[in-house]
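I would like the atomic coordinates for the input below:
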Amino acid sequence: MAELSMTRRQMVLAGIGLTVSGCTQRAVSIVDRPGPPWPVIGVRPRVLREVDVGSSQLPVPEPRGKTLVAISRSAWAKSGPIRRRLRPMGKVGRITVHHEGWKPFWHNDFNRTAIRLEAIRKSHLDRLGAGDIGYHWIIDRAGKVYGGRDPGFQGAHVRGHNENNLGVMVLGNFDKQSPTDAQYRALHATLGTLMQKYSISSQSVYTHQELVPTLCPGVALQQHMEHVVRRGVIS
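Below is the predicted model:
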């Protein structure tokens, strides 16, 4: 007999018309640069399997307990945040998972990852008027966790829902590629650490498209998140 009940995610998605791709809530023309607003994708492309390019130059940090071990923001960002543009976070009550959503990124070495993150940061500052990169943590293709915006400040990752909401971005475009196994492991560990630290239940862990109309975090990561939340992997 078919399952009649709907999961929280299915109920959320049933009320949202997924008409926009990437990590934005409005349609824009295609541009060859990172950062929201993202390119429009009409028909979702098939998810590709890939072979990672490059090699890691830094050890993979593994979150332990209530301490999230991450590569410092100062290691990759070329300048500090613009603090006058930042707003206090308040009490953290939810976490939202994103993909980058720009053109696919295959590299797992630190140098090329740092260049990509700096490009995203500058795009958020210049095009969105943000005070820093919009995400609080980023997970690269090798599963390394990078510090982004200070979690004491609201991010710029879900329009209208940034207050009390931590943003975790997994590097790549998961309508066009799949996360690596290392990214999945690091995402589970990162979410588990943040949930423990801030006393957040799995019911308060969302993907971008579960809060606003968008295709972010891409078909591959969205399916994975639905699976791991349903099975209690990150509970």
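
got any ranges where the protein has weak pLDDT?
Within the chain, the stretches with pLDDT under 70 are 1-66, 235.

tell me the centre residue of it?
For the chain, the residue nearest the mean C-alpha position is residue 169 (1.9 Å; C-alpha atoms, centre = their mean).

Just to check, that one is in contact with residue 146?
No. Using C-beta atoms under 8 Å, residue 169 makes no contact with residue 146, being 9.3 Å away. C-beta here means a position set from N, CA and C on the backbone, and glycine is covered the same way.

Mutual contacts of these two, please.
Both residue 169 and residue 146 are in contact with 137, 138, 139, where contact means C-beta atoms under 8 Å, 6 or more residues apart in numbering.

For the first one, which non-adjacent residue is closest in space?
Counting by C-beta to C-beta, 6 or more residues apart in numbering, residue 168 is the residue found nearest to residue 137 once chain neighbours are left out, at 5.0 Å.

Which neighbouring elements make contact with the helix or strand where the one you found lies?
Using DSSP states H and E, residue 168 sits in strand 165-170. Under the contact definition 3 or more C-beta pairs under 8 Å, 6 or more residues apart in numbering; DSSP states H and E, strand 165-170 sits against strand 94-99, strand 137-139, helix 181-198.

so which of these comes closest to residue 78?
Closest of the helices and strands packed on strand 165-170 to residue 78 is strand 137-139, at 15.6 Å (criterion: C-beta to C-beta).

Sheet-wise, list the partners of that closest one with their directions.
Here strand 137-139 has these sheet partners by DSSP bridges: strand 145-147 (antiparallel), strand 165-170 (parallel).

Checking my notes, residue 103 in a strand, right?
No. Read with DSSP: H, G, I helix; E, B strand; the rest coil, residue 103 is coil and lies in no strand.

can you give me the angle the strand holding residue 168 makes with strand 94-99?
20 degrees (axes from the mean of the first three to the mean of the last three C-alpha atoms, to 10 degrees).

gap between strand 165-170 and the chain center?
Relative to the centre of its chain, strand 165-170 is centred 5 Å away, using C-alpha atoms, centre = their mean, to the nearest Å.

Outside of it itself, which residues are in contact with it?
Counting by C-beta under 8 Å, 6+ apart, 92-100, 134-139, 148-149, 151, 154-155, 157-158, 179, 183, 187, 190-191, 194, 198, 217, 221 sit against strand 165-170.

Mind doing that once more with 6 Å?
Defining contact as C-beta atoms under 6 Å, 6 or more residues apart in numbering, one finds that strand 165-170 is touched by 92, 94-99, 135-139, 155, 157, 179, 183, 187.

List buried residues within the residues you listed.
Taking 16 or more other C-beta atoms under 10 Å as the criterion, what is buried in the contacts of strand 165-170 is 92, 94-99, 135-139, 155, 157, 179, 183, 187.

sorry, back to before: what angle sits between the strand holding residue 168 and helix 181-198?
170 degrees.

ok, back up a step: who does the residue nearest to residue 137 form a beta bridge with?
residue 97, residue 137.

Give me the neighbour count for it.
Using other C-beta atoms under 10 Å, residue 168 is surrounded by 24 other residues.
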